[in-house]
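K.L.:
Build me a model:
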Amino acid sequence: MVLRRLLRRRWVLGVVFGLSLIYFITSTLKQEERTIRDRTLLEVRDLDHRIPWKIRFNLGNSSRQMTQCRNSIQGKALLTDEIGYVCERKDLLVNGCCNVNAPSSRLYICKSCLANGCCNIYEYCVSCCLQPDKQPLLERFLNRAAEGFQNLFTAVEDHFELCLAKCRTSSQSVQHENTYRNPQAKYCYGESPPELLPI
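P.N.:
Below is the predicted model:
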């Protein structure tokens, strides 16, 4: 009863409103400050951001040993390692590299990929993209990337990460934001989108 009478008084409502307004303003300013700081970090990094292009050697024919490999991780049956090998999950070594001596392991495989750089299988897209001769194509892409698209790729550190991101996030593969232009070639690293198949 006392609480109801207190809340009905105008000065109490004014204090509650004032405190709410102050909280709202400080939260908004902090959020804006964080956004500006993040944008500035992206712009500063983007000015000097270069992708290290590495031509890899076939480990099956060399004495060079690789201690750790990153790989595409997500494949249920297939994986691609950062060297460019595609292998079955069972042929993955403990260091993350594909076993190059396994019958399923293939280097720079473009099986299921079309001439425009779009593939049916994600792992084949990444492997094909890792071919050293794809570097000029990827450099052209990075140079022509739109401002918003470029921010997506500022986190990319090397050729392998670029291929992982390019094959995974191709907006060119969809139309009307909800259907694939070509469901048989939806993973793309190339410049041109997949052909639009009639429905």
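K.L.:
could you pull out the helices for the protein?
P.N.:
Listed in chain order, the helices of the chain (DSSP state H) span 2-8, 10-47, 122-129, 135-144, 147-152, 159-168.
K.L.:
rank these by pLDDT, which is bottom?
P.N.:
Comparing mean pLDDT across the helices of the chain, the lowest value falls on helix 147-152: a mean of 58.
K.L.:
Check which residues of stretch 191-199 are buried.
P.N.:
P193, P194 (16 or more other C-beta atoms under 10 Å). C-betas here are computed from N, CA, C, even on glycine.
K.L.:
For it, give the mean pLDDT please.
P.N.:
On average, stretch 191-199 scores 73.
K.L.:
May I have that stretch as CSV, with CA atoms only?
P.N.:
C-alpha atoms of stretch 191-199 as CSV (Å, rounded to 0.1, in the frame of the first residue of the first chain):
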residue,chain,number,x,y,z
GLU,A,191,35.1,-14.8,-60.1
SER,A,192,31.8,-15.6,-61.9
PRO,A,193,28.7,-16.9,-60.2
PRO,A,194,27.3,-20.3,-61.1
GLU,A,195,24.9,-20.5,-64.0
LEU,A,196,21.3,-19.9,-63.0
LEU,A,197,19.4,-23.2,-63.4
PRO,A,198,15.7,-23.0,-64.4
ILE,A,199,13.3,-24.0,-61.6
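K.L.:
for it, the distance to its chain's centre please.
P.N.:
21 Å (C-alpha atoms, centre = their mean, to the nearest Å).
K.L.:
Then stretch 182-196?
P.N.:
Worked out by C-alpha atoms, centre = their mean, stretch 182-196 lies 17 Å from the chain centre.
K.L.:
what comes into contact with it?
P.N.:
Stretch 182-196 is contacted from outside by 113-114, 116-122, 124-126, 128-129, 134, 137-138, 140-141, 163, 166-168, 170, 172-173, 175, 180-181, 197, using C-beta atoms under 8 Å, 6 or more residues apart in numbering.
K.L.:
Would you list the buried entries among those residues?
P.N.:
Buried among the contacts of stretch 182-196 by 16+ other C-beta under 10 Å: 113-114, 116-122, 124-126, 128-129, 134, 138, 141, 163, 166-167, 170, 172-173, 181.
K.L.:
next one: stretch 164-176 to chain centre, how far?
P.N.:
With C-alpha atoms, centre = their mean as the basis, the mean position of stretch 164-176 lies at 10 Å from the chain mean.
K.L.:
let's have the chain start at 29 instead
P.N.:
Taking 29 as the first residue, the last one we looked at is stretch 192-204.
K.L.:
Just the endpoints, please. Distance across it?
P.N.:
In stretch 192-204, first residue to last residue: 24 Å (C-alpha to C-alpha, to the nearest Å).
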